[in-house]
Each structure stands twice: as C-alpha cells, then as structure tokens.
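Visitor: Test case, fold it:
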Amino acid sequence: MYDKIQLLKKYFGYDAFREGQELLIDSILAGKDTFGIMPTGAGKSICYQLPGVMMEGVTLVITPLISLMKDQVAALKEAGIRGAYFNSSLTPGQYRKALEYAKQGTYKIIYVAPERLMNREFLDFTRAVRIAMVTVDEAHCVSQWGQDFRPSYLKILEFVEQLPYRPVISAFTATATKQVREDVIRILKLEEPTVLTTGFDRKNLFFSVQKPGNKYRVVKNYIDTHPGKSGIIYCLTRKLVEEVCQRLNEDGVEATRYHAGLSDEERRQNQDDFIYDIKPVMVATNAFGMGIDKSNVNFVIHYNMPKNIESYYQEAGRAGRDGEKADCVLLYGGKDVITNQFFIEKDNENEELEDEERELIRQRDRIRLKKMTFYCHTNECLRNYILGYFGEKSPGYCGNCGNCLTQFEEKDITAETRRFLGCVDSSGQRYGLNVIIDTLHGSDTEKIRRYYLDENDYYGMESDKSVHYLRKIADYLLMKEYLIQTDDRYSILQLGPKAAALMAGKETLTMKIAKEKEPAARPAKSGQNVRDAADPLLFEALRALRLRLARARSVPPYVVFTDKTLKEMCALRPKNKAEMLRISGVGETKFKKYGEAFLEEINKN
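Guide: Numbering: from 1, shown residues only. Reported below is the predicted structural model:
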C-alpha cells in the first residue's frame, strides 16, 4: 500500500509537498471538512486529487469551468489516474455512456458543473456509488460578496443533503476576503472545518502599473523585447480584443483571440492554439482563462483596468504558474473607470436575483471598483496594496514591483489640498471630479460658465499646475479619504471624514511624487539556481520533443512536462531512469510514457 509521499511522486512527480498541501490533505484523509485559500499556482488541485486517489469511493469536483475539467481530466489520465467530467460539452450519448462507466466504478475523480448536480440521471448515479468527497472549486462563487457570484453554487448544499450520507466537503479558492471566507463556511455548512490560508503572495510575479498615451505601443514593445514568450493580453471589450489582435497579427506577432462573441468552435480552436504554443499570445476578454492550467504563461498584460482587485489578481496570477519569473503589467486609462461603471450598472447576468439583491451587489461592485482604481494610483508598494486588500500583512517594500523600483520624493501638498477641499466645499459638494479640476485650473468651458464656477473663490488658483498633476492629487485625496465620491451614476465629489482637520490647519499632508518617468531596471537575482543554468539549445530541443509527443497524444505540452521540469533536465542532464526520477515533475507513470524519449534527446545533445 502506497503512502501519500509515494503517491505524490508516483502520480505527480514531486518528492515533497508545497506549503499548506500536506496539512489540507491530512485533514481530508482524517474525514474533516476542509477549506483552503491558496493563490493560483500554489497546487490546490493536488490537495483534493491525492486524497481522491487514496479514499474509498468517488470524489466529485464541482467547478463552473469547462476548460478546467477537460485539462484536469487529461492531466489525470497522463498521470495514471482515472477521471471524467460531466458538463454541457458532452452530447447526450456521451453523457449517458460516461454515467454508465461511472456507475461501474471506472473513475476515481469526476468533475461536474454545478448546473448538472440536480439532474435526475446524475442523482441516480450518486446513489449507486459511494461519494467519498465533494470538492467545491472556485468556492468564492458561492458568496454574493465574491467577484464571481453564481446562483447555481447555492444548489450545492441541496445536492449534498440528497446524498444517502454526508461525504467530506472540501472547498478551495485563490481569492477570498474575510467576508467571502465566512460566507463559504456558512453557506456550505462546513462542520468545524480545517481552514488554511497559505498567503496570497506570489513572489515570482513582478507587478507594475503604467499610464501610457499609446497602450498598443507599450504592448508591442514588450512583446518585441521578450521574444518567444507566451502571454495573455486582457481587454475590457470584444471590440478592443479584435483591434489589438488584428494589429499584432499585422505586425507579425503570432496572436489569437478569445471572447464570447466567437463561435464555440472558434473559441475552442483559438484556446488550443494558445495552449499548444502554436500562437503564444492570447488577446482576450475576462471570459478567457478561468481553469486554463497553462504553466508557461510568462506575462499577463491588462490593456484596461479590471473592475476589482479579486479579478485582477486572479487574471494576473495566470502568469508564472510554474514558479518562474513572470510580469503582470496593468495599463491604466481614465476611460477604464467609465467602462467598468457602465458594466456594473448594466449587469443583469444573475437573472434569478431579486431587484433589491441585484442593487446590493452593484453597490458592492462600485466599492470594489474604487479600490481597484486606488491600486492604479498608489505610489506605495503594489504587492503590499494587494496583500493588504486580502487582509495579509507585508513589509511594505517588496523590491519586485514597479513602484518599489521607481525613485520617489516626498512633496508637501497641504496648500493644494486645502484649495481642493475648499473648492469642493464652496461649490456645495454638487459636482464631479472633472468640474472641480477645471475650476481650480481656471478652464474656460461652457459647463464652468453655466454653473457660474468662474465666480468661485477658488477659480484659477491652481492655473500654474497641469490638469494631469491635479488629477494625481485628487486620486491621492480620494485614496486617503480626504475626498469621497458618491456611488450613484454621477459620482459627485464630497468632503471625506479626514477633510475637516486639514482644512482647519491642524495637520499637513505629503505625497510621493515620481522623480523619473521610467522605473529603474529590475535587479538581477544574486547567485544562480539550477534552472538558470539550463542550456538554451538543449531546452529548445526538449521543447520540440515535448510538442511532438503532446500532439501525438492530443494533450497540451505542459501536461507532458512543464518548462520548469525541462529546465531542470537541461541543468542536471540525467543519464538513466534513477536520475530522471529525481527531476521535479517526473513520476513513475510519466517516465514510462516519456522518460526514454527525453533521455535519448538529452544524450544526443
């Protein structure tokens, strides 16, 4: 009988668990409900797949992500584990045949969409076999406080209560605030669960925010200076996806696209082209990426600001899943806020909700959008801002983000702030940000004249400052709560809770101002690890071999071996099976399928 460490190596090719994995696995094996909050790339799937192999009976994994089901089941089969999935991509005939196999005990791990749970045929199957565990993936979807609330997730508890006996319930998510975590435990009725948050920090990711005049030029320059790298470019609208993808193709970049306006077949083909590295750059809306387990995504560029930190961190976190260094670049523009506000107000996706519930979710979305906007304007450590949002403490300087590598100087903005606050107050707190800035700047516009703001005491008092500079101060005052914006569609500027003390002369205020436009070069890491020593020619030869083998088996290349594993092969150059099995990511099952071919390729080079 294998123990968990032996099975970890046999099926997944790893000699040791990552942070948090063993505690969660032991909890599940002890029959306890378990809730893991782990960042993308931290190895959540092993936390339920390994116990699923070891437990008597079937493990059901509930997820809304069809692409994840397909890839995860393919990866399970490559590892020698019997798996299946049930979702809308199956024909009625395929669905019934898979259910029949499932009743016969063919599969150990079954992925299922939440909408399928209460299907009569599926319920019949669950009564015919022993369900050892129900795993709820993307567990934040159960909470109305979550960024991806799905009413179908509320059926999970009803499904569990219809089973002949209660199985172990485990839940996993990459992004969950304190309120969402409490919701998940309450709604799923987890019984005295083991709850573990391993931390949200992805140290291999470099975060930066840029505010360029020409976003496309920045994207094209990044791709040109990172040849051969694979990445995702997220755009807010389908139209923008089409425009960016077309321009990249015209400029000779192997790029493809993904959004909800394409046919199912084209989306599938484009997704496969990206996963198989046929077209290494994907331009997409946020409809793409959830459940995409591609390990060698080297960069994620957000062409526009997302609507909340949860979505941003989840999307950016698709970079560097293999632990290698990766870039997460956000290109901010003022119109991004307006577009996101429009999407929030028009969102009627959850038709099952009452009007009052829908409006409550909109209010929460507006608050989240403000915090996302603050991220784009802060001059503090970007990593610290993200971790603080999720309730995690950090040193405040990471040395691996655009802000930490930019030189700043402290500037006293007390006088400008008092004028800003005075202008808002004297105009009756009735106008939006642009009107107040135009008033301070002394702009001669039709709106200023119509509102008689050219007669305001503060009119033109900051005429020597640029509008861009005044907007930076306004963003800072909003972030620090000297000013607030109302949540209605007009976003009126009003005095915040900290305004009175500063206006009364009881305190001063300073703000960090960047000394230079371009951030300093990223520091080189001292020393050289095993993967940094990889022979580039051998690495390309192994990648080519991996691609041939992947195509022959109709699986994504990373399912054969990840880039991280290939680099370790290059550095250590194993000569036999024993040495190959010491490589991280090479287990017994994969060695039987691929080991000799890779040993032969290494020997040739």
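
Visitor: only C-alpha atoms for contact and neighbour calcs from this point on.
Guide: Fine.

Visitor: show me where pLDDT drops low in the protein?
Guide: In the predicted model of the chain, residues 1-2, 67, 146-147, 290-291, 348-353, 487-490, 516-534 satisfy pLDDT under 70.

Visitor: for it, longest helix please?
Guide: Criterion DSSP state H: the longest helix present in the chain is helix 355-377.

Visitor: So the residue nearest the centre of the chain: helix, strand or coil?
Guide: By CA atoms, centre = their mean, the mean C-alpha position of the chain lies nearest to Gln314, the distance being 1.2 Å. Each residue gets one of three states, and Gln314 gets helix by DSSP: H, G, I helix; E, B strand; the rest coil.

Visitor: ok, now which ones touch the residue lying farthest from the centre of the chain?
Guide: In the chain, the greatest distance from the average C-alpha position (CA atoms, centre = their mean) is reached by Glu455, at 48.7 Å. Contacts here follow CA atoms under 8 Å, 6 or more residues apart in numbering; on that basis Glu455 touches nothing.

Visitor: Kindly report the same for the one 10 residues further on.
Guide: For Lys465, the contacting residues are His441, by CA under 8 Å, 6+ apart.

Visitor: Can you tell me the element it falls in?
Guide: With secondary structure defined by DSSP states H and E, Lys465 is part of neither a helix nor a strand.

Visitor: Same question for Val559.
Guide: When the helices and strands are read off by DSSP H and E, the one containing Val559 is helix 557-560.

Visitor: can you list the residues that contact that helix?
Guide: Taking CA under 8 Å, 6+ apart as the criterion, the residues outside helix 557-560 that touch it are 74-75, 78, 275-276, 294-296, 546-547, 549-551, 590, 594.

Visitor: in stretch 276-291, what counts as buried?
Guide: 276-277, 279-286, 288-291 (16 or more other CA atoms under 10 Å).

Visitor: do the same with stretch 15-28
Guide: For stretch 15-28, the neighbour count (16+ other CA under 10 Å) marks Asp15, Phe17, Gly20, Gln21, Glu22, Leu23, Leu24, Ile25, Ser27, Ile28 as buried.

Visitor: Make a markdown table out of those and add distance to Thr225 and secondary structure.
Guide: Conversion of those to a markdown table gives the following (distance: CA to CA, whole Å; DSSP: H, G, I helix; E, B strand; the rest coil):
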| residue | distance to Thr225 | secondary structure |
| --- | --- | --- |
| Asp15 | 36 | coil |
| Phe17 | 36 | coil |
| Gly20 | 37 | coil |
| Gln21 | 37 | helix |
| Glu22 | 40 | helix |
| Leu23 | 42 | helix |
| Leu24 | 41 | helix |
| Ile25 | 42 | helix |
| Ser27 | 46 | helix |
| Ile28 | 46 | helix |
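
Visitor: ok, back up a step: return the list of helices and strands in contact with the next helix or strand after the helix holding Val559.
Guide: Secondary structure here is assigned by DSSP H and E; on that basis, the next helix or strand after helix 557-560 toward the C-terminus is helix 563-572. Helix 563-572 is packed against helix 536-553, with contacts defined by 3 or more CA pairs under 8 Å, 6 or more residues apart in numbering; DSSP states H and E.

Visitor: Convert the helix it packs on to PDB, retaining C-alpha atoms only.
Guide: Listed next in PDB are the C-alpha coordinates belonging to helix 536-553 (Å, rounded to 0.1, in the frame of the first residue of the first chain):
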ATOM      1  CA  PRO A 536      19.200  27.100 -24.200                       C
ATOM      2  CA  LEU A 537      19.800  24.800 -27.200                       C
ATOM      3  CA  LEU A 538      19.000  21.700 -25.300                       C
ATOM      4  CA  PHE A 539      16.000  23.400 -23.800                       C
ATOM      5  CA  GLU A 540      14.600  24.200 -27.200                       C
ATOM      6  CA  ALA A 541      15.300  20.600 -28.400                       C
ATOM      7  CA  LEU A 542      13.400  19.200 -25.400                       C
ATOM      8  CA  ARG A 543      10.500  21.700 -26.000                       C
ATOM      9  CA  ALA A 544      10.300  20.400 -29.600                       C
ATOM     10  CA  LEU A 545      10.200  16.800 -28.400                       C
ATOM     11  CA  ARG A 546       7.600  17.700 -25.900                       C
ATOM     12  CA  LEU A 547       5.400  19.300 -28.600                       C
ATOM     13  CA  ARG A 548       5.700  16.300 -30.800                       C
ATOM     14  CA  LEU A 549       4.700  13.900 -28.000                       C
ATOM     15  CA  ALA A 550       1.900  16.200 -26.900                       C
ATOM     16  CA  ARG A 551       0.400  16.400 -30.400                       C
ATOM     17  CA  ALA A 552       0.600  12.600 -30.700                       C
ATOM     18  CA  ARG A 553      -1.400  12.100 -27.500                       C
END
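
Visitor: between that helix and helix 563-572, how big is the angle?
Guide: Using axes from the mean of the first three to the mean of the last three CA atoms, to 10 degrees, one finds that helix 536-553 and helix 563-572 are set 130 degrees apart in direction.

Visitor: elements contacting helix 536-553?
Guide: Here helix 536-553 is seen to pack against helix 557-560, helix 563-572, helix 596-604 when contacts are counted using 3+ CA pairs under 8 Å, 6+ apart.

Visitor: Ala474 is nearest to which of these?
Guide: helix 563-572 (44.6 Å; CA to CA).

Visitor: The closest one vs helix 596-604, what angle?
Guide: Using the same axes, to 10 degrees: helix 563-572 against helix 596-604 is 40 degrees.

Visitor: May I have helix 563-572 exported as CSV, CA atoms only?
Guide: C-alpha atoms of helix 563-572 as CSV (Å, rounded to 0.1, in the frame of the first residue of the first chain):
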residue,chain,number,x,y,z
ASP,A,563,9.0,24.3,-18.7
LYS,A,564,10.3,24.2,-15.1
THR,A,565,10.9,20.4,-15.4
LEU,A,566,12.5,20.7,-18.8
LYS,A,567,14.9,23.4,-17.5
GLU,A,568,15.9,21.1,-14.6
MET,A,569,16.6,18.3,-17.1
CYS,A,570,18.8,20.6,-19.1
ALA,A,571,20.8,21.7,-16.0
LEU,A,572,21.2,18.2,-14.4
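
Visitor: ok, and for that helix, which residues are buried?
Guide: Burial within helix 563-572, assessed by neighbour count using 16+ other CA under 10 Å, is assigned to Asp563, Lys564, Thr565, Leu566, Lys567, Glu568, Met569, Cys570, Ala571, Leu572.

Visitor: quick revisit: select, out of the helices and strands packed on helix 536-553, the one closest to Asp438.
Guide: helix 563-572 (52.6 Å).
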